[in-house]
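A.B. asks: Here is a sequence together with a model predicted from it:
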Amino acid sequence: DAKTTQPNSMESNEEEPVHLPCNHSTISGTDYIHWYRQLPSQGPEYVIHGLTSNVNNRMASLAIAEDRKSSTLILHRATLRDAAVYYCILRDGIQGAQKLVFGQGTRLTINP
Amino acid sequence: GAGVSQTPSNKVTEKGKYVELRCDPISGHTALYWYRQSLGQGPEFLIYFQGTGAADDSGLPNDRFFAVRPEGSVSTLKIQRTERGDSAVYLCASSERGLSEQFFGPGTRLTVL
């Protein structure tokens, strides 16, 4: 699986938008971009994924650069419950590397 | 509906002992994964089952680690002759099929004294 690069940590304020960046300059054409997050003392949970087009769901939005070498997870209005480690992961949609390869992720702190 | 469950939630054992960790996946999920997570690190893949068979065991660190899923549902991760370095949180996940969203359990915290 191709490698991703994320900032170690970020901080934001409650009720403000948060933009979490991810660089994946060696992404291949069949790699999907997945985001998971891990709240304290819990297992990771799926957030969103996409291939080329921007994606929205009830949790977040995913903005994918035109060249696909970077993406941004957007939390539109952060709450204290969004404090977690966020992982950006590439998964090959064809070869089917079913395992998730986690990096260090970004630890997001939300200030009240 | 019920999510992925893991038992026990905590396990403390002594160096050299044998331990078994259990995972109950979401009903109907054919794919099951084991990961382990050391403090301050992201989860690290151990093994993946598709049905009853281990489709990818490339993450098992050595032959002291073994996992089974005899009926394609519940899985057990077995660790022989535990070492202090085995201390970690062991996470189980399941998915409907190999490439779909993975649902994680709360993990088993293993401490080897």
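C.D. replies: Thanks, I have it.

A.B. asks: Quick one: neighbours of B:Q80, just the number.
C.D. replies: By other C-beta atoms under 10 Å in any protein chain shown, 13 other residues sit near B:Q80. In this view, the C-beta of every residue, glycine as well, is placed from N, C-alpha and C.

A.B. asks: contacting residues around it?
C.D. replies: B:Y18, B:R64, B:F65, B:F66 (C-beta atoms under 8 Å, 6 or more residues apart in numbering or on different chains).

A.B. asks: And the pLDDT for the nearest residue to B:A31 once chain neighbours are set aside?
C.D. replies: Closest residue to B:A31 apart from its sequence neighbours, by C-beta to C-beta, 6 or more residues apart in numbering or on different chains: B:S95 at 4.5 Å. pLDDT, B:S95: 92.

A.B. asks: Was I right to think B:S95 contacts B:F103?
C.D. replies: Yes: between B:S95 and B:F103 there is a contact under C-beta atoms under 8 Å: 6.7 Å.

A.B. asks: about what we covered before: return the residues in contact with the residue nearest to B:A31.
C.D. replies: By C-beta under 8 Å, 6+ apart, the contact list for B:S95 reads B:H29, B:A31, B:Y33, B:E101, B:Q102, B:F103.

A.B. asks: How about B:F103?
C.D. replies: Taking C-beta under 8 Å, 6+ apart as the test, what B:F103 contacts is A:E45, A:Y46, B:G3, B:V4, B:I26, B:H29, B:A93, B:S94, B:S95.

A.B. asks: 10 Å - rerun?
C.D. replies: Each residue near B:F103 by C-beta atoms under 10 Å, 6 or more residues apart in numbering or on different chains is listed here: A:43-46, B:3-4, B:25-26, B:29, B:33, B:92-96.

A.B. asks: Repeat that for A:R68.
C.D. replies: A:R68 neighbours (C-beta under 10 Å, 6+ apart): A:H24, A:S25, A:I27, A:S28, A:G29, A:D31, A:I33, A:G50, A:L51, A:T52.

A.B. asks: and if we set it to 8 Å?
C.D. replies: By C-beta under 8 Å, 6+ apart, the contact list for A:R68 reads A:H24, A:I27, A:I33, A:T52.

A.B. asks: Quick check: the third one touching A:C88?
C.D. replies: Translated: A:I33. Yes: using C-beta under 8 Å, A:I33 makes contact with A:C88 at a distance of 6.8 Å.

A.B. asks: is stretch A:101-112 up against chain B anywhere?
C.D. replies: Yes: applying C-beta under 8 Å from any C-beta of the partner chain, one finds stretch A:101-112 touching chain B at A:V101, A:F102, A:G103, A:Q104, A:G105.

A.B. asks: Which positions in that stretch come out as buried?
C.D. replies: Residues of stretch A:101-112 classed as buried by neighbour count (16 or more other C-beta atoms under 10 Å in any protein chain shown): A:V101, A:F102, A:Q104, A:G105, A:T106, A:R107, A:L108, A:I110.

A.B. asks: what's near enough to touch the fourth one?
C.D. replies: The contact partners of A:G105, taken as C-beta under 8 Å, 6+ apart, are A:Q6, A:Q38, A:V85, A:Y86, A:Y87, A:C88, B:G42.

A.B. asks: The second one reaches A:V85, doesn't it?
C.D. replies: So the one you mean is A:Q38. Yes: if you go by C-beta under 8 Å, A:Q38 and A:V85 touch, sitting 4.8 Å apart.
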